[in-house]
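**Student:** need a 3D model of the sequence below.
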Amino acid sequence: MFVKVCGLDTVESARVAIEAGADALGVVMSRTSPRRLTVEAAATIVEAVRGEVRTVLVTNDLPSVQAADIATRLGVDVLQLHGRRYAASDFLLARERFEHLWRATSLADSPDLTVGAWGEEVLLLDAPSPGSGEQWDLSALEAGRPRGAWILAGGLTPDTVGPAVTAARPWGVDVSSGVESSPGVKDAGRIRAFLDAVRAAS
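**Tutor:** So this is what the prediction gives:
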């Protein structure tokens with residue numbers, strides 16, 4: 001199963017995630033996030049892991065064109081536009097500047113669950129408050145779940161990811177606050193435990 005560890009804070013935590021078996025690493029550039037990085041700090045992490053895993057720039061408040069330009073400058077593999085700030089038109093504008101886009105949304109926004117509906121390669125379903133560590137009711141997916149490359153996020157921890165994978169049957173999972181010792185600070189032991197739990201479940 002595809003695993004993304006998001007909100008990386010240091011090269012050291014990125015290295016732990018890679019050694020534990022992560023497929024993608026996310027760096028966050030959102031003004032309101034405790035995981036926000038400067039361009040320089042994000043560049044340091046991205047450069048250190050280049051070619052080893054997929055790197056993802058995540059934002060929920062930058063204008064899409066600006067985000068695409070920063071993604072190009074950083075040299076990440078993917079730009080993830082997260083949340084209700086973005087519409088299909090924002091994805092169209094970003095795609096003119098950056099090829100690989102992921103769309104992150106919540107069922108609270110009544111999104112189109114068709115993977116690729118807005119030109120994205122991957123769809124990520126999160127809790128209504130991204131990065132909060134809140135779990136959401138996975139039974140809502142019984143009425144219909146995405147098909148194709150979609151990632152489950154929101155309130156996942158080493159203890160909850162196994163049951164969540166069984167219930168939702170996603171293509172991949174994403175974790176951020178669930179592997180932290182405090183907001184924005186990744187915990188090596190929890191990162192390793194999370195990857196172990198995913199492997200056990202899948």
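
**Student:** my read: W171 touches D23, true?
**Tutor:** No - judged on CB atoms under 8 Å, W171 makes no contact with D23 at a distance of 11.0 Å. In this view, the C-beta of every residue, glycine as well, is placed from N, C-alpha and C.

**Student:** joint contacts of those two?
**Tutor:** Residues touching both W171 and D23 (CB atoms under 8 Å, 6 or more residues apart in numbering): F2.

**Student:** what's the helix or strand harbouring R199 packed up against?
**Tutor:** Using DSSP states H and E, the element containing R199 is helix 188-201. On a contact count with 3 or more CB pairs under 8 Å, 6 or more residues apart in numbering; DSSP states H and E, helix 188-201 meets strand 2-5, helix 11-20, helix 161-168.

**Student:** can you tell me which residues contact G26?
**Tutor:** 4-8, 55-58, 80, 174, 176.

**Student:** picking up where we left off before, mean neighbour count, the helices and strands packed on helix 188-201: which tops it?
**Tutor:** Ranked by mean neighbour count, those are led by strand 2-5 with a mean of 24 (mean count of other CB atoms under 10 Å).

**Student:** by contact count, what packs against that strand?
**Tutor:** Strand 2-5 packs on strand 24-28, strand 172-175, helix 188-201, going by 3+ CB pairs under 8 Å, 6+ apart.

**Student:** what sits against R190?
**Tutor:** Per CB under 8 Å, 6+ apart, neighbours of R190: 157-158, 178-181.
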